[in-house]
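# Let me see the structure of the following:
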Amino acid sequence: MAISAKDVMELRKQTDCGMMECKKALADANGDFQKAIELLREKGLATAAKKAGRVAAEGMVYATYCPECKVGVVLEVNAETDFVAKNDKFVQFVKDCAQVIIKENPADVEALMGCKMGDGTVDDALKGLILVIKENIKVRRFVRYEGVCAAYIHGGGTHAVLVNFDTDVADKAGFEAYGKDIAMQIAAVNPAYVCKEEVPAEALEKEKEILLAQMDNDPKNANKPQNIKEKMILGKIGKFYKENCLVDQAFVKDGDMNVAQYTEKTAKELGGSIKIVKFERFEKGEGLEKRQDDFAAEVASMAK
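Numbering: from 1, shown residues only. Reported below is the predicted structural model:
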């Protein structure tokens, strides 16, 4: 039967699928609108499965905090190309996932997929998004903190930070700016730990081994007595703490103080106490193998 352009446009409006896909679905459904929607959804499931093996290392990371319920979330959702991070539907899906995590507190990504979102589940919404965007999309990871938090997103979703505090001044004017400063510090300098007490003994021993090996390979220090070398290592370990422990790092906005001193100063000004408990820093695609496109091969394949 003949399919009208008006019906194709209406189906496209409701599903966000391509014009040709909508026209084909309507033809296969003999003009039955609801059947066409079902066919597109079914195709969405097939499309999602087909694309699942493709490399998804782009996308965005996102962080948010709900002051009313005192819950914060940082998460990463990946796609195949960086263009997707600018897609409004993709961005909204990421934000909606964060809200589901805040409310439902799923144990992991698998549990998140089964949580309710809209008229279906997160998994349903994801597969529908894959049909629209036509790329493999994956919710990779998330962290959820309860308590007072600060959230920060850098570069439109290249980096995201969530910081958890123990404080009695969260409602004071000035704390929000302080929290953002700490989150930005973490985004910029990438500390590994909150404080030196958190550094594992094995990590410290490994650092000492590296420092000792460097001295042994340095003509200026190789022949120095062992006790002198050990004293020198202690001094270098102090530098290790300043580089890797958040509270010992120089504050990026004022190099005359470290983060611990900035925290103490702010707490005093606000008339209470502030302790940085923990943080999570996500960088988009970290640890993932990026897709390597062979442009010449792509052009050649199109020419065949």
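
# quick one: the helices in the protein?
5-15, 19-28, 33-51, 88-104, 109-113, 122-133, 175-189, 201-216, 226-244, 259-270, 295-303 (DSSP state H).

# In the record's domain split, what are the boundaries for this protein?
Per automatic domain parsing, the domain ranges recorded for the chain read 5-51, 60-190+279-283, 196-276.

# Please work out which of these is packed deepest.
Mean neighbour count (mean count of other CB atoms under 10 Å) peaks for domain 60-190+279-283 among these, with a mean of 19. For the C-beta atoms, the positions are set from N, CA and C on the backbone; glycine is no exception.

# pLDDT of that domain, averaged?
The average pLDDT for domain 60-190+279-283 rounds to 95.

# How many residues are close by Val277?
Neighbourhood size, Val277 [other CB atoms under 10 Å]: 14.

# Pretty sure it sits against Ala150.
No. Counting by CB atoms under 8 Å, Val277 sits too far from Ala150 to count as a contact (11.4 Å).

# which neighbours do the two share?
Residues touching both Val277 and Ala150 by CB atoms under 8 Å, 6 or more residues apart in numbering: Phe165.

# Okay, the nearest residue to Ala25 once chain neighbours are set aside and Asp7: tell me how far apart.
Leaving aside its chain neighbours, Ala25 sits nearest to Ala36 (4.1 Å; criterion: CB to CB, 6 or more residues apart in numbering). Using CB to CB, to the nearest Å, Ala36 is found at 9 Å from Asp7.

# Which residues are in contact with each of these two?
Leu26.

# Where does pLDDT dip in the stretch 201-304 of the chain?
The model of the stretch 201-304 of the chain has pLDDT under 70 over residues 289-304.

# give me every residue that touches Gly118.
Contacts of Gly118 (CB under 8 Å, 6+ apart): 96, 124-125.

# Go again with 7 Å.
Listed by CB atoms under 7 Å, 6 or more residues apart in numbering, the contact partners of Gly118 are Ala125.

# For it, grab phi and psi.
Gly118 adopts backbone torsions of phi 70, psi -130, taken as degrees, to the nearest 10.

# Relative to Cys149, how far out is it?
Relative to Cys149, Gly118 is positioned 26 Å away (CB to CB).

# Then Asp124?
29 Å.

# Asn136 is in contact with Glu80, isn't it?
Yes. The pair Asn136 / Glu80 is scored as a contact, 5.5 Å apart, by CB atoms under 7 Å.

# for stretch 196-203, the distance to its chain's centre please.
Offset of stretch 196-203 from its chain centre (CA atoms, centre = their mean, to the nearest Å): 25 Å.

# next one: stretch 111-118
How far stretch 111-118 lies from its chain's middle: 19 Å, per CA atoms, centre = their mean.

# CA atoms only: put it into CSV for me.
Taking Å, rounded to 0.1, in the frame of the first residue of the first chain, the C-alpha atoms of stretch 111-118 are listed here in CSV:
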residue,chain,number,x,y,z
ALA,A,111,21.4,-3.8,38.3
LEU,A,112,21.0,-0.3,36.9
MET,A,113,20.0,-1.7,33.5
GLY,A,114,17.0,-3.3,35.2
CYS,A,115,15.8,-0.2,37.0
LYS,A,116,12.7,1.7,35.8
MET,A,117,13.2,4.6,33.4
GLY,A,118,10.2,6.2,31.7
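
# Contact partners for Val74?
Contacts of Val74 by CB under 7 Å, 6+ apart are 61, 63, 142-143, 160-162, 280, 282.

# do Lys180 as well
150, 152.

# From what I see, Leu11 and Ala27 are in contact.
No. In this structure Leu11 lies outside contact range of Ala27 using CB under 7 Å: 11.2 Å.

# Now Phe282. Nearest residue, chain neighbours left out?
Val61 (4.2 Å).

# nope, Asp168 is what I meant
Closest to Asp168 by CB to CB, 6+ apart is Gly272, at 4.4 Å.

# Got phi/psi on the residue nearest to Leu112 when sequence neighbours are not counted?
Among residues not flanking Leu112 along the chain, Pro106 sits closest, at 4.2 Å (CB to CB, 6+ apart). Dihedral angles of Pro106 (phi, psi; degrees, to the nearest 10) stand at phi -70, psi 150.

# how close does Pro106 get to Pro225?
The spacing between Pro106 and Pro225, counted by CB to CB, is 57 Å.

# Please apply the same query to Leu246.
Distance, Leu246 to Pro225, using CB to CB: 35 Å.
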